[in-house]
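Engineer: Quick one, fold the following:
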Amino acid sequence: MNTLSKVGYSALGSALAISQTFAADGSTLFGGSKDTSKITGAGGTAENAVQSLVGNAMAFLGIVAVLYGIYGGFLIVTAGGDDGKVKTGRTILIQVAIGLIVIFLANSIIQWVLSRILTGA
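Structural biologist: Model (predicted):
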């Protein structure tokens, strides 16, 4: 695999890491809002506990995915012409991208279900 492809895959991994880590709009990882005023229910209720648990789990999974993506990019950069390492790194980056999409969708679905349950609609 040529050097340009290695740099491209490394840039993809870095872009995923940076875009998810440094959200400029004040949102949490994967788009959840830090604003807790929209949460229905009094403080200390089961709804708040579930939303907090889900938010923390999604943040943890996002951090693990970003670290795994950095590892995949590192494999590509340090392959030294070994096509096996490049293929492994590319596979890791593809898996990370799919994983981030699944994490984002899971968070969105959970938030939608909780909003339906909490509002009774």
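
Engineer: Please point out which parts of stretch 95-108 sit buried.
Structural biologist: Burial within stretch 95-108, assessed by neighbour count using 16 or more other CB atoms under 10 Å, is assigned to 96-97, 99-100, 103-104, 107. C-beta here means a position set from N, CA and C on the backbone, and glycine is covered the same way.

Engineer: Could you dump the residues you listed into JSON lines with pLDDT, distance to Asn48 and secondary structure added?
Structural biologist: Compiled in JSON lines, those are given as follows (pLDDT from 0 to 100; distance: CB to CB, whole Å; DSSP: H, G, I helix; E, B strand; the rest coil):
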{"residue": "Val96", "pLDDT": "93", "distance to Asn48": "31", "secondary structure": "helix"}
{"residue": "Ala97", "pLDDT": "93", "distance to Asn48": "32", "secondary structure": "helix"}
{"residue": "Gly99", "pLDDT": "90", "distance to Asn48": "27", "secondary structure": "helix"}
{"residue": "Leu100", "pLDDT": "88", "distance to Asn48": "26", "secondary structure": "helix"}
{"residue": "Ile103", "pLDDT": "86", "distance to Asn48": "22", "secondary structure": "helix"}
{"residue": "Phe104", "pLDDT": "85", "distance to Asn48": "22", "secondary structure": "helix"}
{"residue": "Asn107", "pLDDT": "79", "distance to Asn48": "16", "secondary structure": "helix"}
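
Engineer: Return the member of the residues you listed nearest to Asn56.
Structural biologist: Closest to Asn56 out of the buried residues of stretch 95-108 is Asn107 (11.4 Å), distances taken as CB to CB.

Engineer: Neighbours of the nearest residue to the closest one once chain neighbours are set aside, how many?
Structural biologist: Spatial nearest neighbour of Asn107, excluding adjacent residues (CB to CB, 6 or more residues apart in numbering): Met58 at 4.7 Å. As a burial measure, Met58 scores 21 neighbours (other CB atoms under 10 Å).
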